[in-house]
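**Student:** Sequence and predicted model, in that order:
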Amino acid sequence: MLHRANRLEKSVRVAAGRLGRDRQRHLGTATLQHVKDHHHHQSAQLLNGMLALFGLCGTMLYGPAKPAGLYGPAKPAGLPQPRSGESAGSSRTEPARMKPEALLFQMGGRRIMPFDQPALYGLFGAICWRAGLRRTPALYYLPTPTMNAFALGGRDDEPDIVVVTAGLLANLTVEELAGILAHEVAHIRNRDTLTMALAHDLAAATELLSLLGLGRMRSAGGAPDAGLVLCLVPAISKLLQLALLRIREHDADIDAILLSGGAGGLIRALEKLERHHTPTGQQGTPPARPIPAAVLLRSHPETRMRVRLLAAVGNKRK
C-alpha cells in the first residue's frame with residue numbers, strides 16, 4: 001500500500017504546486033461554484049429552520065405572547081430556583097466533555113506521525129496544503145477491519161482530526177484513499193464539524209424545550225393543539241438536521257474533486273464502501289427501489305446519488 005502511496009505522493013505534490021498557482025481559477029469555475037453556492041444556500045435555510053423551531057418552542061414555553069389558557073395559569077418566568085437543600089449561590093458543575101483524542105485512545109487508536117508512515121502522511125499533507133489549511137489536522141489510525149473515515153473536532157478548544165481505519169487502508173488504492181482523505185479534509189476546511197455540532201445542539205435543545213412544555217401542559221392543562229405542535233417540532237427539527245448532514249456530504253464531495261485531482265478515485269472508493277457495508281446475502285442483487293420517506297431518515301446521501309453528482313460535475317470539468 002505504502003509503496004504505491006510513495007509514487008503518487010510525488011505526482012500529488014506536483015499537482016499541488018500547479019493548483020497553488022491557479023487555485024482561484026479552479027474554484028471560480030461556473031459549474032463548481034454554482035453547485036457550491038446552491039449547497040450553501042440550502043445549508044443556511046436548514047439552519048435557519050432549526051433555529052426557528054427552537055425559537056417557537058421557547059416562545060410557547062416562556063414567551064410573553066402565548067395565548068391565554070395555553071398552559072393554564074401563567075407563572076412568572078425568571079431565573080431557575082434552587083432545589084431544596086441547594087443554596088442560591090451554589091453552582092453545579094457539568095460533567096467534562098471527553099476530548100476526541102481521549103475517545104480515540106480508548107478505542108485503541110493512535111496518532112500517525114510523519115516518521116510512522118511517510119508516504120501516507122505525505123499524501124495527507126499535500127491534500128491539506130491544496131485545501132489551504134493553515135495547520136495540518138492530526139491523522140489517527142483505528143485498528144478495526146471496518147472500512148471507514150471521519151473528521152472530528154471543530155470547536156475552539158479541540159484540534160481538527162481525521163481518522164482512518166485499518167480496513168480502509170487495506171482495501172483502497174492510493175487514488176481511492178486520496179479521494180476519501182480529500183472528502184474529510186473538505187469537511188474540516190468548510191467547518192462542517194462545527195456546523196454539525198451546532199445542528200446537533202439545536203435539535204437536542206428543541207427536544208428538551210418540547211419535553212418541558214409537554215410536562216407543563218400535563219400538570220397545568222392546556223390546549224390540545226399546542227401539545228400536538230410540541231410533539232411534532234422535535235421530529236421536524238431532526239429531519240432538518242439530517243437534511244443538513246446530507247447537504248454537507250454532497251458539498252464535501254464536490255470539494256474532494258478539486259483536492260484529489262478528479263472524481264474517479266472518490267467514486268470508486270464510495271462504491272467499495274457501499275459493497276463493504278452491504279450484507280453478504282444482498283450483494284450482487286439489484287438495488288431495491290428506494291422508499292422516499294426512508295431517504296429523509298438518512299444521515300448520508302445514497303451512494304448512487306453521490307456517484308451521479310460526482311460523475312456529472314467531474315465530466316463538466318474535463
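**Tutor:** Perfect, I can see it now. Residues are numbered from 1 along each chain as shown.

**Student:** could you pull out the strands for the stretch 151-300 of the chain?
**Tutor:** 161-165 (DSSP state E, counting those that start in this stretch).

**Student:** do the stretch 1-150 of the chain as well
**Tutor:** Counting by DSSP E, counting those that start in this stretch, the strands of the stretch 1-150 of the chain are 110-111, 138-142, 149-152.

**Student:** Which residues does stretch 48-55 contact?
**Tutor:** Applying C-beta atoms under 8 Å, 6 or more residues apart in numbering, the set of residues contacting stretch 48-55 from outside is Ala199, Leu202, Ala203, Ala205, Thr206, Leu209, Val233, Ile236, Ser237, Leu240, Gln241, Leu244. Backbone N, C-alpha and C define where each C-beta goes, glycine included.

**Student:** Of those, which one scores lowest on pLDDT?
**Tutor:** Note: of the contacts of stretch 48-55, the lowest pLDDT belongs to Leu209, at 91.

**Student:** circling back to that earlier point, let's have the strands of the stretch 1-150 of the chain in CSV, adding mean pLDDT, distance to Val229 and mean neighbour count.
**Tutor:** Putting these into CSV (pLDDT from 0 to 100; distance: least, C-beta to C-beta, whole Å; neighbours: other C-beta atoms under 10 Å) gives the following:
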stretch, mean pLDDT, distance to Val229, mean neighbour count
strand 110-111, 91, 48, 12
strand 138-142, 93, 43, 20
strand 149-152, 92, 35, 20
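
**Student:** The ones you listed: which one's closest to Leu47?
**Tutor:** For Leu47, the closest of the strands of the stretch 1-150 of the chain is strand 149-152, at 18.9 Å, according to C-beta to C-beta.

**Student:** Which elements pack onto the closest one?
**Tutor:** Applying 3 or more C-beta pairs under 8 Å, 6 or more residues apart in numbering; DSSP states H and E, one finds that strand 149-152 contacts strand 161-165, helix 174-189, helix 192-220.

**Student:** ok, Ser237 touching Ala204?
**Tutor:** No: when contacts are counted by C-beta atoms under 8 Å, Ser237 is not listed as touching Ala204 (9.2 Å).

**Student:** which secondary element of this structure has the worst mean pLDDT?
**Tutor:** Lowest by mean pLDDT, DSSP states H and E among the helices and strands of the chain is helix 2-27, with a mean of 47.

**Student:** what bits of the stretch 151-300 of the chain have low per-residue confidence?
**Tutor:** Scanning the stretch 151-300 of the chain for pLDDT under 70 picks out the ranges 154-157, 221-223, 280-294.

**Student:** May I see the contacts of stretch 48-55 organised as CSV, with distance to Asp192 and neighbour count added?
**Tutor:** Below are the contacts of stretch 48-55 laid out as CSV (distance: C-beta to C-beta, whole Å; neighbours: other C-beta atoms under 10 Å):
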residue, distance to Asp192, neighbour count
Ala199, 10, 24
Leu202, 15, 20
Ala203, 16, 23
Ala205, 20, 17
Thr206, 21, 27
Leu209, 26, 23
Val233, 25, 21
Ile236, 22, 16
Ser237, 19, 26
Leu240, 16, 23
Gln241, 13, 22
Leu244, 10, 26
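
**Student:** In these, find the pair that's most separated.
**Tutor:** Leu209 and Leu244 (19.5 Å).

**Student:** how close does Ser214 get to Val307?
**Tutor:** Wrong residue type there; residue 214 is Leu, not Ser. Leu214 sits 43 Å away from Val307, going by C-beta to C-beta, to the nearest Å.

**Student:** go on, Ala199?
**Tutor:** As judged by C-beta to C-beta, Ala199 and Val307 stand 25 Å apart.

**Student:** and what of Met107?
**Tutor:** 30 Å.

**Student:** Val35 too?
**Tutor:** Here Val35 is placed at a distance of 15 Å from Val307 (C-beta to C-beta).

**Student:** Between Leu214 and Val307, which has more neighbouring residues?
**Tutor:** Val307 (19 against 16; other C-beta atoms under 10 Å).

**Student:** Helix, strand or coil: sort out that one for me.
**Tutor:** In three-state terms, and counting by DSSP: H, G, I helix; E, B strand; the rest coil, Val307 is helix.

**Student:** ok, the nearest residue to it once chain neighbours are set aside - contacts?
**Tutor:** Nearest non-adjacent residue to Val307, counting by C-beta to C-beta, 6 or more residues apart in numbering: Ile267, 5.3 Å away. Residues near Ile267 by C-beta under 8 Å, 6+ apart: Gly179, Val307, Leu310, Ala311, Gly314.

**Student:** and if we set it to 7 Å?
**Tutor:** Residues near Ile267 by C-beta atoms under 7 Å, 6 or more residues apart in numbering: Val307, Leu310, Ala311.

**Student:** what angle sits between the one helix or strand the second one maps to and helix 174-189?
**Tutor:** Element membership for Leu310 (DSSP states H and E) is helix 303-317. When axes from the mean of the first three to the mean of the last three C-alpha atoms, to 10 degrees is applied, the directions of helix 303-317 and helix 174-189 differ by 90 degrees.
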